[in-house]
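Undergrad: please find the sequence and the predicted model below.
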Amino acid sequence: MKEYVLYGNKINEPDYMEDIIYTSFNPVEISKAKTLATKKGYVKFRVATHVEGSKPNFNDPKLINL
């Protein structure tokens, strides 16, 4: 099963200070969480996917600045 993880940064924060905002198996919920996070002051987002049982690749260039 594929899990989606929403990361975000608030304004003027460096990239390494990103927060995990929300995780879900439903991509529609990620969109809703992004909208709510914007209201809470988050301005930069990325979404990572993880398939259960696989190792995450934190150096994947597709994950940078989405």
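TA: That came in fine, so what should we check first? Numbering: from 1, shown residues only.

Undergrad: what ranges does this protein have for its helices?
TA: For the chain, applying DSSP state H gives helices covering 27-39.

Undergrad: low-confidence ranges in it?
TA: 58, 61-66 (pLDDT under 70).

Undergrad: 50 instead?
TA: 66 (pLDDT under 50).

Undergrad: show me where it has strands.
TA: 2-10, 19-24, 42-51 (DSSP state E).

Undergrad: make TSV from those and add distance to residue 30 and mean neighbour count to it.
TA: From N, CA and C alone the C-beta is placed, and that goes for glycine too. Shown next, in TSV, are the strands of the chain (distance: least, CB to CB, whole Å; neighbours: other CB atoms under 10 Å):
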stretch	distance to residue 30	mean neighbour count
strand 2-10	5	17
strand 19-24	6	15
strand 42-51	6	16
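
Undergrad: turn those strands into a markdown table, columns for distance to residue 57.
TA: Listed next are the strands of the chain as a markdown table, based on distance: least, CB to CB, whole Å:
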| stretch | distance to residue 57 |
| --- | --- |
| strand 2-10 | 13 |
| strand 19-24 | 17 |
| strand 42-51 | 9 |
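
Undergrad: now the end-to-end length of stretch 5-16.
TA: 16 Å (CA to CA, to the nearest Å).

Undergrad: contacts for that stretch?
TA: Residues from elsewhere that reach stretch 5-16 (CB atoms under 8 Å, 6 or more residues apart in numbering): 17-23, 30, 33-34, 37, 41-50.

Undergrad: rerun at 10 Å
TA: 17-24, 29-31, 33-34, 37-38, 40-50, 56, 63-66 (CB atoms under 10 Å, 6 or more residues apart in numbering).

Undergrad: start and end of stretch 18-29, how far apart?
TA: 19 Å.

Undergrad: pull the distance from stretch 28-38 to the chain's centre.
TA: From the chain centre to the centre of stretch 28-38 is a distance of 10 Å (CA atoms, centre = their mean, to the nearest Å).
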